[in-house]
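Enquirer: Give me a model of this one.
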Amino acid sequence: MKTPSTNFREVESDIRTNFKDAMAYGDYLHLDKILSAQQMRTEEHDEMLFVVIHQASELWLKLAVHEVSAAIRLIDEGQFRRAFKVLARVKEILNQMKQSWSILATMTPVDYLKFRDSLGNASGFQSVGYRSLEFLLGNKNAQAIRVHKDRPSCTARLEALLAKPSLYDAAIAQLVRAGFAIDPELASRDLREPYQHNDSVEAAWTKVYRFSDRFYDLYELAETLVDLEDAFQNWRFRHMYTVQRIIGFRRGTGGSSGVGFLKQALDTSFYPELLALRTNI
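Expert: Model prediction:
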């Protein structure tokens, strides 16, 4: 019988080592670009942590935007099973991002203040990825685009998302297709404006919950949306608490109120009827 080490050496001998004219792992992932993007502005040790956490978060946000965009299309097509799978992935992405705040929280206030001034006016409030995800999930806010007025490509991207139906718009459209009496004004509302609670929508979702066996796909869609918002709010809460832990109630680097702004965001619900109906069913 051959020893494990001998087997490993035999396998290792078959591994390709010449990639002169072939694509290797680093080529496929463009690791030369990704791993050279950590450009520190100070010599402080913890700045690397700060940069990597935020760069990784932007990649996760990009994936979440990709997935939610697909989910909107799938729901619009009535492909609920596939949409649920995609949204389950988004929930796990948000859970992964929430965990990243625990890593950042290993940085003390003293550590952060050593390089904070080097950030200038850079702030997470300016994240196009974050704002894109919010718009897709249903939290529309045209005023938030103003911070990108000097970057036309960012403005154009957000303006386009602002004018498109959100995930919740797609869900409400399915209520209409199922025969529920939804106010006609919702179909013609300005999609650029924040969504407001609507009694007809709450009545429709309440019926879905009361007769869940009859409307099981819509019932599962509703619970999937609640799960998604729960994960998003947990991520936002962990963000707020980490910021409070590190900088207290200082103003944010981009001019926002910092923790105060983050706490205010926690009061915003993407799907107000899905929370309100729980009191009456």
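
Enquirer: what distance separates the top helix by length along the chain from the middle of the whole chain?
Expert: In the chain, with assignment by DSSP state H, the single longest helix is helix 216-247. What separates the centre of helix 216-247 from the centre of its chain is 10 Å, taken as C-alpha atoms, centre = their mean, to the nearest Å.

Enquirer: before we move on, what about stretch 136-150?
Expert: Remark: stretch 136-150 is offset 15 Å from the chain centroid, using C-alpha atoms, centre = their mean.

Enquirer: Okay, buried residues for the longest helix of the chain please.
Expert: Buried residues in helix 216-247, counted by 16 or more other C-beta atoms under 10 Å: 218-222, 224-225, 227-229, 231-233, 235-240, 242-244, 246-247. For glycine as for every other residue, the C-beta is placed from the backbone atoms N, C-alpha and C.

Enquirer: Dump stretch 184-193 to CSV, restricted to CA.
Expert: Taking Å, rounded to 0.1, in the frame of the first residue of the first chain, the C-alpha atoms of stretch 184-193 are listed here in CSV:
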residue,chain,number,x,y,z
PRO,A,184,-55.3,51.5,-9.5
GLU,A,185,-53.2,54.6,-8.5
LEU,A,186,-50.3,52.3,-7.5
ALA,A,187,-49.9,51.1,-11.1
SER,A,188,-49.4,54.7,-12.3
ARG,A,189,-47.5,56.1,-9.3
ASP,A,190,-44.1,57.8,-9.8
LEU,A,191,-41.6,55.0,-9.2
ARG,A,192,-39.0,57.6,-8.3
GLU,A,193,-40.9,58.5,-5.1
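
Enquirer: Do I have it right that E273 meets E202?
Expert: Yes - counting by C-beta atoms under 8 Å, E273 touches E202, with 3.9 Å between them.

Enquirer: picking up where we left off before, other SSEs contacting the longest helix of the chain?
Expert: With contacts defined as 3 or more C-beta pairs under 8 Å, 6 or more residues apart in numbering; DSSP states H and E, helix 216-247 has these neighbours: helix 80-104, helix 109-113, helix 128-137, helix 167-177, helix 199-210, helix 259-265, helix 272-276.

Enquirer: how about the nearest residue to P272, chain neighbours excluded?
Expert: Distances taken as C-beta to C-beta, 6 or more residues apart in numbering put H197 closest to P272, at 4.4 Å, once the chain neighbours are dropped.

Enquirer: for the record, mean pLDDT for the longest helix of the chain?
Expert: Here helix 216-247 scores 93 as its mean pLDDT.

Enquirer: and D213, helix, strand or coil?
Expert: Assigned with DSSP: H, G, I helix; E, B strand; the rest coil, D213 falls in the coil class.

Enquirer: pLDDT score for it?
Expert: Predicted confidence (pLDDT) for D213: 97.

Enquirer: Phi, psi for it please.
Expert: Per-residue torsions, D213: phi -60, psi -40 (degrees, to the nearest 10).

Enquirer: same thing with Q38?
Expert: The phi/psi pair for Q38 (degrees, to the nearest 10) reads phi -90, psi 80.

Enquirer: if I pick it, what's in contact with it?
Expert: Neighbouring residues of Q38 by C-beta atoms under 8 Å, 6 or more residues apart in numbering: M48, V51, V52, Q55.
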